[in-house]
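Visitor: below: sequence and its predicted model.
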Amino acid sequence: MAHRIGDIARALGAEAEGDLDLEVAGASEPQVAGPEHLALAMDPRYADGISKGQALAAIVWPGADWRGMGLQAAIFAPRGRLAMAGLTRLMDPGPAIAAGVHPMALVDPTAEIGAGAAVGPFVVIGAGARIGPGARIASHVTIAEGARIGAEPLILQGVRIGARVTIGDRFICQPGAVIGADGFSFVTPEKSGVEEIRETLGSRAEIRDQTWTRIHSLGAVTIGDDVEIGANVCIDRGTIRDTQIGSGTKLDNLVHIGHNVQIGRDCLLCGQVGIAGSARIGDRVVLAGQCGVNDNIFVGNDVIAGGATKIFTNAPAGRVLLGYPAVKMETHVEIQKALRRLPRLAARVARLEKGQAEPEVE
């Protein structure tokens with residue numbers, strides 16, 4: 001689908017100059033752009049790419065000499081990635097799901113699907129489920145009995161939504177996610193080795209046989225509005241109360257949320273983050289890839305944790321964390337500096353133990 005430069009600029013709320021009737025069919029990196037593309041050169045670093053490509057129009061930084069680059073039109077983006085968000089939303093055609101309910105979908109007679117739905121083949125919707133208007137549900141999705149999903153959801157291939165799960169409006173879920181599986185909850189008749197180690201921090205009175213008894217999950221999962229779930233995410237149902245995900249929160253691929261976890265609003269959880277059972281996460285928390293959060297602790301509002309950080313204790317609001325175990329980022333940097341000095345320090349100690357003189361420093 002072709003878009004006029006003027007229309008794109010209005011959709012982005014951005015200023016534009018040049019031939020605003022010029023049409024483009026898609027976006028491209030500057031160096032490989034053709035005349036039908038809108039080149040993305042929102043930073044002066046990408047200016048050289050314009051001359052290598054064939055674009056006639058581009059999104060550029062404010063004040064750019066777009067005529068000098070040989071362009072016929074330009075859109076100015078003070079914040080490049082924000083412009084990228086608006087442009088991709090405008091140009092994304094979305095999945096090709098035919099309107100209506102596919103004849104090979106299986107919908108329980110007691111389920112309710114709102115107006116304007118597009119439900120693909122091999123979808124199964126259970127008894128008493130309710131789905132709001134404007135739903136787009138791709139093939140092989142399962143929505144179990146009693147689930148509630150709000151308006152305009154986009155649920156892609158192979159998603160599994162469990163019984164009694166409640167989801168708000170404008171939900172987006174990537175392929176393979178599982179929402180509402182049972183939590184990982186087991187107990188032993190006597191005190192387990194794990195409980196003993198937690199109390200003693202390492203010592204065990206004796207090692208004995210132990211067997212695990214399952215604790216069933218009576219709760220479900222509650223998800224707010226405007227939440228996005230990545231591919232192969234797993235969100236476990238609560239034991240008694242629901243596991244909760246706040247409005248505006250985004251989960252990347254392969255994130256695992258344990259039973260009873262409470263996550264606030266507008267959080268960003270990147271790939272392979274794992275949050276153990278009954279942890280509480282505040283609002284606007286950012287956890288980079290492979291972060292881990294211990295069970296039954298609280299991470300305060302606006303905490304930011306760098307990649308692979310492991311949070312074992314409560315984290316105060318606004319703290320920036322890094323490392324294993326998590327410490328303040330500036331403390332982690334100092335620790336790493338000290339670690340790099342250890343080989344020299346060890347060699348020095350070895351010489352002193354042998355009674356050798358320190359080498360003279362020239």
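Guide: Nice, I can see it. Residues are numbered from 1 along each chain as shown.
Visitor: pLDDT weak spots in this protein?
Guide: In the predicted model of the chain, residues 356-362 satisfy pLDDT under 70.
Visitor: name the single longest helix found in it.
Guide: helix 329-353 (DSSP state H).
Visitor: in it, which residues are buried?
Guide: By neighbour count on 16 or more other CB atoms under 10 Å, the buried set for helix 329-353 is 329, 332. For glycine as for every other residue, the C-beta is placed from the backbone atoms N, C-alpha and C.
Visitor: I'd like to know how far G274 sits from D295.
Guide: Distance, G274 to D295, by CB to CB, to the nearest Å: 11 Å.
Visitor: which one of those two is surrounded by more residues?
Guide: Neighbour comparison, G274 and D295: the larger count goes to G274, with 18 against 14 (by other CB atoms under 10 Å).
Visitor: wait, isn't that one in contact with G292?
Guide: Yes. Under the criterion of CB atoms under 8 Å, G274 makes contact with G292 at 5.0 Å.
Visitor: identify the residues contacting E29.
Guide: 39-40, 46, 49, 53 (CB atoms under 8 Å, 6 or more residues apart in numbering).
Visitor: nearest to A77, of these?
Guide: Sorting these by distance to A77 puts L40 at the head of the list, at 9.0 Å, by CB to CB.
Visitor: for the longest helix of the chain, name the packing helices and strands.
Guide: Counting contacts by 3 or more CB pairs under 8 Å, 6 or more residues apart in numbering; DSSP states H and E, helix 329-353 is packed against strand 320-322.
Visitor: mind listing the strands the strand it packs on pairs with, and their directions?
Guide: Strand 320-322 pairs in its sheet with strand 304-305 (parallel), strand 327-328 (antiparallel), by DSSP bridges.
Visitor: relative to E199, which of those is closest?
Guide: Closest among the strands paired with strand 320-322, using CB to CB: strand 327-328, at 24.4 Å.
Visitor: next one: phi and psi at R10?
Guide: Per-residue torsions, R10: phi -60, psi -40 (degrees, to the nearest 10).
Visitor: burial count for it?
Guide: R10, neighbours per other CB under 10 Å, totals 12.
Visitor: and it, how close does it get to A16?
Guide: According to CB to CB, R10 stands 9 Å off from A16.
Visitor: most packed of the strands paired with strand 320-322?
Guide: strand 304-305 (a mean of 22; mean count of other CB atoms under 10 Å).
Visitor: can you list contacts of it?
Guide: 285-288, 291, 311, 315, 319-322, 326.
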